[in-house]
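Visitor: Dropping the sequence and predicted coords here.
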Amino acid sequence: MMGANRIPGVGRLTPARTARFTFDGRTLTALEGDTVASALLANGIHLVGRSFKYHRPRGILSAGAEEPNALIDVARDAARRQPNVRATVQEVFDGMKVESQNRWPSLAFDVGGFNDLLSPFFAAGFYYKTFMWPKAAWHAIYEPFIRRAAGLGVAPTEADPDHYASRYAHCDVLVIGGGVAGLSAALAAAKAGAKVIICDEQPEMGGALRYESGTTIDGKNGWDWAQETAGTLAEMDNVTVLTRTTGFGYYNHNFVGLVERVTDHLAALDKSLPRERLWQVRAKKVILANGQIERHMVFANNDRPGIMLASAGRTYLNHFGVAVGSKVGVYTAHDSAYEAAFDLKRAGVSVAAIVDCRENPGEAVLAEARKLGIEVLTGHSVIKAGGKLRVNSVSVARNGGGSARKIAVDALLVSAGWTPSVHLFSQSRGKVKFDAATQRFLPGTYLQDCLSIGACNGTDDLQATIDEALAAGELTARAAGAEGGTQVTLSGENRFGWTGGMIGAAEGAGPDTTVKAFIDFQHDVCAKDIRLAVREGMHSIEHIKRFTTNGMASDQGKLSNMHGLAIAAEALGKDIPQVGLTTFRQPYTPVTFGAIVNHSRGPLFDPARKTPMHAWEEAHGAEFEDVGNWKRAWFYPRSGEGMHEAVARECKTVRDVAGVFDASTLGKIEVVGPDAAQFLNLMYTNAWDNLKPGRCRYGIMLRDDGFVYDDGVVGRLAEDRFHVTTTTGGAPRVMNHMEDYLQTEFPHLKVWLTSTTEQWAVIAVQGPKAREIIAPLVEGIDLSNEAFPHMSVAEGKICGVPTRLFRMSFTGELGFEVNVPADYGQAVWEAIWARAELMGACAYGTETMHVLRAEKGYIIVGQDTDGTLTPDDAGLSWAVSKKKPDFVGIRGLKRPDLVKSGRKQLVGLLTKDPKVVLEEGAQIVADPNQPKPMTMLGHVTSSYWSENCGRSIALAMVAGGRERLGQTLYVPMTDRTIAVEVSDMVFFDKEGGRLHG
Amino acid sequence: MLLIYCPYCEEERSELEFRGAGDAHIARPANIADITDEEFEEYFFLRQNPKGLIFERWRHIHGCGRFFNAARDTVSDRFYTTYKAGEPKPDISAILQSEQDKGAAK
């Protein structure tokens, strides 16, 4: 059984090729190529879901991407489950599990349907008005209630096991849409020699030819011509044909996002294939052939299952071979729906009547209806639909009143006419214009290099569409530079020309009615809701949209926008262009997070930077912390040690013996050139002219506003060569900052900058035994205090490899920083470690580094400063030259706010109870008993347990801090208040003698 | 995603390779240490944020590394032209005029 409603000999699917799937647990048989919607309809199932707000029973409205109702949950297995899938685009595969959504306990009997009875209380803006008061109830009652009741599908709980691919592509002409217009344009462009990409969201090219039965092109049946043309294009080397591929976003400068669904239709997953492929296309020219979308009629109970768009009824019949009912009515304001009746009648399906709200339909379709013996009621309207879980009748009355006649139907095909799909054109930031004659928005002013053709451009006639498309294809190909090739001519014919169309509410759902005549099915917005919004003072379409949520569901108003606009315009007594159209934004249809995130997840989300010694650190049990993208050794716990014990031991060992630390992540910039010193004079607050080669200096870098930007030690290797170090996190921005000034403000200086961060491995050896550890390994450098005092640099060899050896210290101990080319990093580290270990030294990580530097009051830019501190605030005014005529920040430092008293300054804090360690970020007040909100004096920037001091230590930013030395301040916490004494910032070795050991 | 012509590399490259760097043609005063608070405010803080034509700086940070200037329309994101740092502000009306002439010639 392939479904009782499948008509033998009708449609394009192969009866022998079946696929089985389940719908709410019930096993059904489909044919390969079916969508879930066509397969359900083939099995006589119209009821597929419940609406969002009123939980009304809903069926299948369309046969395409515009579907607002038939949203389902599709599962392949436990992890591969996706909610809110449109049944009209999801192809069936063998073994798929489909569940309906937003119903409990079952689809046919849904408790939430109670909302429908309460609907007078759920008018537009209900949420805004009701859930406002009292404030406390929002968090406790309203939000949980709304969250439970709202939302359609349920998100999957397991991680997505599939992979997604991404591809950049360039072409001369990108054609979006593979109907008659798109195919013709692509053919013309390709034959002219252009590099072409054509995509279409459907599994096959053809567009409207899927349902259109009366089209002939070049003497062939329209669909057959489309398949043949797609085949021709696919065989050409200069053409890429992409099916199941949606052009979802038109971005700047002809950059277009396409998403190709690769495996969602396959029964057996090929692991080598991505589930979806994201195409990022940069096209010289874009041709938009997006077609048009049929509108529904707005009348009472127009949402009953079994009521669907006329073109959808034709698609199910002509493509899938499925009759959507056995006694079908048609309600229309447009000639096109007549053809649905003709197709059904010819296929042997009973057509109850064609109800046309117009007095004068097109004569050709009227004549054909008579010929086929179909009753046509012109100047009549469907006042309401009967039935609940499926339409069972329509009440028809003459326009303007009169008694209603009830006609029994089990399906109703509707059409209010067609809306050109200007979504992508609008996304390209082109301006639409309203065509009053045909009551539709069409592409007006273009902003990007694209052309709209065919239905989305308002071109109705088939031959006109073909001619327009061929011309556009050739024109864009030539403009993109294609030469030679051949010209294409095509002739096409449709059985009927179409007239008609209406927007807004139909008879029976007019201004003085309160019937449920739906405009936006997914968000349950009725015609009356739009009018209510206008009555309540919403006069802009943007406000009306947000007040009623019209067009804000996942279908983005593809069906509802024009109806809503027309009703609003009528209520406001304005013309449609005056009310305006809301802006179309990307994406055209929902795009999975998988396609967007693509490869950027797990370890590929952000690259990890590892130092040359990383493997050794890992092997020696280091815990790592993330510093920017770097993985830095944090501490080295020995067996039985937690972080606190490990850090206490490391801190003690460094000061008692020595420690070895991986400082490779420090930013390093080689500043070279005859004007190098002059350049550094401008970039740092310090003076550099008087720094002799072989010596180092601590430098502070400001921005022009006077705030501390970075700091680091700079070594002068030669008159014209400096080795600059920056903070780990600051390296890229410092390099950018220097390049900026060098290239644009001081281009006269002869200086060359090179980032060398990753070229040097840096091994810091710190502590009383530091010299003893490295001395036997170093060649060519006299390490004595006299020859190589604190803040020296020299080039020589260590372990036989070149080194830049620095005598410097971020611990306050005798210290060296051994720079070696990165590839030698681990070998030299191991050689140093072999000696260090013998002497009882330890390897230490960033946490110990932080504690040791805090014991000495050395700041970390970015931790103890926050971009609003001057050098003076940080206690570093000694490093600001008073003699230089200029440096970046010199003027900023004189700003009134930067020199006034009472600024926050960095100071030390000692808790009254030495065992208490403050929390970093904790606020500081003078009087803990003052009323809230308290006056904050500042906050704790660094806080540690210092094993060497035997107590806690902290650094803090405090208003007027240096004038408060010795004062008692308070740190209020949630459970207690901590008393602290303001101190200077040096907690250990205040005289600094150990540096020179 | 913008397509930006680097005047140093002499080719159009994707926005991914560039970083915006704020308004162009704001010269750091040569006597910056001596300017008034008002002059400093004007130089460092005040920007126009125009709707339409803006002269702005870009850096081809993942390419040649050079800073350069661009004339862009902030509404359409169209680049009228890009040019090397230090070159004078181009005359946009002349650019538009020459385009019009070309269009008319076609």
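Guide: Looks like it arrived, so ask away.

Visitor: helix or strand right after the helix or strand that contains residue A:257?
Guide: Per DSSP states H and E: residue A:257 is located in strand A:255-261. Next in sequence after strand A:255-261, counting helices and strands by DSSP H and E, comes strand A:276-288.

Visitor: Partner strands of that following strand, with direction?
Guide: strand A:164-176 (parallel), strand A:255-261 (antiparallel), strand A:450-452 (parallel) (DSSP bridges).

Visitor: Determine which stretch of the ones you listed is the most buried.
Guide: Burial of the strands paired with strand A:276-288 is given as mean neighbour count (mean count of other Cβ atoms under 10 Å in any protein chain shown); strand A:450-452 ranks first at a mean of 25. In this view, the C-beta of every residue, glycine as well, is placed from N, C-alpha and C.

Visitor: State the next helix or strand along the chain beyond that strand.
Guide: helix A:462-479.

Visitor: what comes into contact with the very next helix or strand once past that next one?
Guide: Counting by DSSP H and E, the element after helix A:462-479 in chain order, helix or strand, is strand A:492-494. With Cβ atoms under 8 Å, 6 or more residues apart in numbering or on different chains as the test, strand A:492-494 has contacts from A:180, A:212, A:214-218, A:222, A:462-463, A:465-466.

Visitor: Take the strands paired with strand A:276-288 and lay them out in a markdown table including distance to residue B:30 and mean pLDDT.
Guide: As requested, the strands paired with strand A:276-288 are arranged in a markdown table below (distance: least, Cβ to Cβ, whole Å; pLDDT from 0 to 100):
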| stretch | distance to residue B:30 | mean pLDDT |
| --- | --- | --- |
| strand A:164-176 | 45 | 97 |
| strand A:255-261 | 42 | 98 |
| strand A:450-452 | 48 | 98 |
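
Visitor: Tabulate those strands (CSV), appending distance to residue A:800.
Guide: As requested, the strands paired with strand A:276-288 are exported to CSV (distance: least, Cβ to Cβ, whole Å):
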stretch, distance to residue A:800
strand A:164-176, 46
strand A:255-261, 53
strand A:450-452, 64
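
Visitor: Relative to residue A:661, which of these is closest?
Guide: Distance to residue A:661, taken as Cβ to Cβ, is lowest for strand A:164-176 among these, at 40.1 Å.

Visitor: about what we covered before: by neighbours, which of the contacts of strand A:492-494 wins?
Guide: residue A:180 (32 neighbours; other Cβ atoms under 10 Å in any protein chain shown).

Visitor: Who are the contact partners of it?
Guide: A:207-209, A:215, A:217, A:222, A:226, A:454, A:462, A:465-466, A:469, A:492.

Visitor: swap the cut-off to 10 Å and go again
Guide: If you count contacts by Cβ atoms under 10 Å, 6 or more residues apart in numbering or on different chains, residue A:180 has them with A:205-209, A:212, A:215, A:217, A:222, A:225-226, A:229, A:289, A:291, A:453-455, A:462, A:465-466, A:469, A:490, A:492, A:494.

Visitor: Repeat that for residue A:334.
Guide: If you count contacts by Cβ under 10 Å, 6+ apart, then residue A:334 has A:294-295, A:297, A:310, A:356-358, A:361-362, A:365, A:414-418, A:498-502 around it.

Visitor: Tell me the residue of chain A that sits nearest chain B?
Guide: residue A:253 (4.1 Å; Cβ to the nearest Cβ).

Visitor: So stretch A:695-708, near chain B or not?
Guide: Yes - interface with chain B: stretch A:695-708 contributes A:703-706 (Cβ under 10 Å from any Cβ of the partner chain).

Visitor: thinking again about what came up before, including pLDDT, could the contacts of strand A:492-494 go into TSV?
Guide: Formatted as TSV, these follow (pLDDT from 0 to 100):
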residue	pLDDT
A:180	98
A:212	96
A:214	92
A:215	96
A:216	97
A:217	97
A:218	96
A:222	97
A:462	97
A:463	97
A:465	98
A:466	98
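
Visitor: between those, which is nearest residue B:93?
Guide: Distances from residue B:93 to the contacts of strand A:492-494, taken by Cβ to Cβ, are shortest for residue A:465, at 40.2 Å.

Visitor: Against residue A:429, how distant is the closest residue in space to that closest one that isn't next to it in sequence?
Guide: Spatial nearest neighbour of residue A:465, excluding adjacent residues (Cβ to Cβ, 6 or more residues apart in numbering or on different chains): residue A:454 at 4.5 Å. Separation of residue A:454 from residue A:429 (Cβ to Cβ, to the nearest Å): 21 Å.

Visitor: And for residue B:12?
Guide: In terms of Cβ to Cβ, residue B:12 sits 20 Å off from residue A:429.

Visitor: More neighbours: those two, which one.
Guide: Shown here are residue B:12 and residue A:429; by other Cβ under 10 Å, residue A:429 has more neighbours (17 against 14).

Visitor: what's the more buried one in contact with, if anything?
Guide: A:250-252, A:445-448, A:583, B:75-77.

Visitor: rerun at 7 Å
Guide: Residue A:429 makes contact with A:447-448, B:76 under the criterion Cβ atoms under 7 Å, 6 or more residues apart in numbering or on different chains.

Visitor: rewinding a little: so what's the residue of chain A closest to chain B up against?
Guide: Here residue A:253 is in contact with B:2-3 (criterion: Cβ under 7 Å, 6+ apart).

Visitor: Need the three-state assignment for it.
Guide: Classification of residue A:253 by DSSP: H, G, I helix; E, B strand; the rest coil places it in helix.

Visitor: neighbours around residue A:379, how many?
Guide: For residue A:379, the count of nearby residues is 15 (other Cβ under 10 Å).

Visitor: likewise residue B:66?
Guide: Residue B:66 has 18 nearby residues by other Cβ under 10 Å.
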